[in-house]
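Colleague: Need the 3D shape of this:
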Amino acid sequence: MRYKQLGRTDVKVSALCLGSMTWGSQNTAPEAHAQIDMALDRGVNFIDTAEMYPVNPLAKETQGDTERILGDWIGASGRRQDVILATKVSGKGYMNVRDGAPITPASIDLALDASLRSLKTDYIDLYQLHWPNRGSYMFRQNWTYDASGQDSDEVLDHMIEVLQHLEKCRADGKIRHIGLSNESAWGTMRWLSIAAAQGLPRMVSVQNEYSLLCRHFDLDMAEVAHHEKVGLLAFSPLATGLLTGKYHGDITPDGSRRSHVANLGGRICDTMWPALDAYMNIAAKHDLNPAQMALAWAMNRPFMTSAIFGATDLDQLDVALGAADLTLDTTVMEDIAIAYRQFPMPF
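Modeller: Predicted structure coming up:
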């Protein structure tokens, strides 16, 4: 397993990060705990969760169960020091958490204290803002995204207030570092410039969607990541399972994510299937497991800090972990580049 520096900190995280959002819905607590044990045995030291998990389906009744399941493992194992732990505070509009309240100092206090209790820990290594109050172009909102209604002064005042409060949380020992999620280049740069000007905590990472099928990050955000050392924590590097090949041919295996969310968050569409075919064909041509090819490609992008993947059983986990030391040769990379030009935005 390779390890990479988290932003400008002295923290080293594994190039693969274990995602947790199926724990409590598609996975039981014992299954989740077995996943953690296997991942740590294979060199993973980074686990990502969120106060709103689990998903598939999202439900108010189960909200927070993922953190509690992870916390039970931490309490029983006594291995808190072996894990870099990341979680997130939910943002404006998600009604299952605080009736859709926006991110504010007050909501951060409620969320953070609840996460600490659930996770059975005194501190969070990386505390992330799950999405901006002003909205995001992630989750297929890029097709209609319009920032023209945003009030710049209001946004900047909010950022100052939040950073000041996060500094208090850091000083109190509740968090070590802070990060963004579902954020834009403009937003990331504003958070950084305010922190620099006022001596406040610096965002060390940004968690956005990134995969062979979703490459928004390649342009402006990649430039920000390079110059500012705010690395990408990629969620859905397997495109919610599409790049494993299990849905290839428009099939839906029993118990899969698609059996719970039919359109996979807007990823299932007519333009996606030809792109998926192209990447499946590349994997077959080069005798590669498609999931390992997709993860190895993502891990080796120049702006990547860690690729966050999930599994619903240990066999899936074993395959994903097998990508840790895989290097794709130039012929594979050339074929991927050709496919990308043919299918630049498949969903």
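Colleague: Next one: Leu85 from Met38, what distance?
Modeller: 18 Å (Cβ to Cβ, to the nearest Å). In this view, the C-beta of every residue, glycine as well, is placed from N, C-alpha and C.
Colleague: More neighbours: which of the two?
Modeller: More crowded of Leu85 and Met38, by other Cβ atoms under 10 Å: Leu85, with 23 against 16.
Colleague: how about the more buried one, phi and psi?
Modeller: Main-chain dihedrals, Leu85, degrees, to the nearest 10: phi -110, psi 120.
Colleague: how would you label the spatially closest residue to it that is not a sequence neighbour: helix, strand or coil?
Modeller: Nearest residue to Leu85, sequence neighbours excluded (Cβ to Cβ, 6 or more residues apart in numbering): Asp125, at 4.9 Å. With DSSP: H, G, I helix; E, B strand; the rest coil as the basis, Asp125 sits in strand.
Colleague: quick one: the residue nearest the centre of the chain and Met333, what's the gap?
Modeller: The chain has Phe235 as the residue nearest its centroid, 3.3 Å off, counting by Cα atoms, centre = their mean. Note on Phe235: its distance to Met333, by Cβ to Cβ, is 23 Å.
Colleague: and what of Gly64?
Modeller: Gly64 is 41 Å from Met333, by Cβ to Cβ.
Colleague: Could you do Thr121 as well?
Modeller: Here Thr121 is placed at a distance of 40 Å from Met333 (Cβ to Cβ).
Colleague: what does Asp157 give?
Modeller: Distance from Asp157 to Met333, by Cβ to Cβ: 45 Å.
Colleague: cool, and Ala284?
Modeller: Separation of Ala284 from Met333 (Cβ to Cβ): 16 Å.
Colleague: What of Lys120?
Modeller: For Lys120, the distance to Met333 - Cβ to Cβ - is 43 Å.
Colleague: more neighbours, these two?
Modeller: Between Lys120 and Met333, Lys120 has the larger neighbour count (other Cβ under 10 Å), namely 16 against 13.
Colleague: Just list the residues touching the more buried one, thanks.
Modeller: Listed by Cβ atoms under 8 Å, 6 or more residues apart in numbering, the contact set of Lys120 reads 71-72, 74-75.
Colleague: what do you get if the cut-off is 7 Å, keeping everything else the same?
Modeller: By Cβ atoms under 7 Å, 6 or more residues apart in numbering, the residues touching Lys120 are 71, 74-75.
Colleague: Could you do Ser20 as well?
Modeller: Per Cβ under 7 Å, 6+ apart, neighbours of Ser20: 47-49, 53, 66, 70.
Colleague: Select from those residues every entry located in strands.
Modeller: Using DSSP state E, the members of these that fall in strands are 47-48.
Colleague: Go through the contacts of Ser20 and name the one nearest Asp329.
Modeller: Asp48 (29.8 Å; Cβ to Cβ).
Colleague: now the worst-scoring helix or strand of the chain on mean pLDDT, how far from the centre of its chain.
Modeller: For the chain, using mean pLDDT, DSSP states H and E, the weakest element among its helices and strands is helix 257-260, scoring a mean of 95. Centroid separation for helix 257-260 versus its chain: 19 Å, with Cα atoms, centre = their mean, to the nearest Å.
Colleague: Count the residues that sit near the nearest residue to Met159 once chain neighbours are set aside.
Modeller: Nearest non-adjacent residue to Met159, counting by Cβ to Cβ, 6+ apart: Ile194, 5.4 Å away. Counted by other Cβ under 10 Å, the residues lying close to Ile194 total 18.
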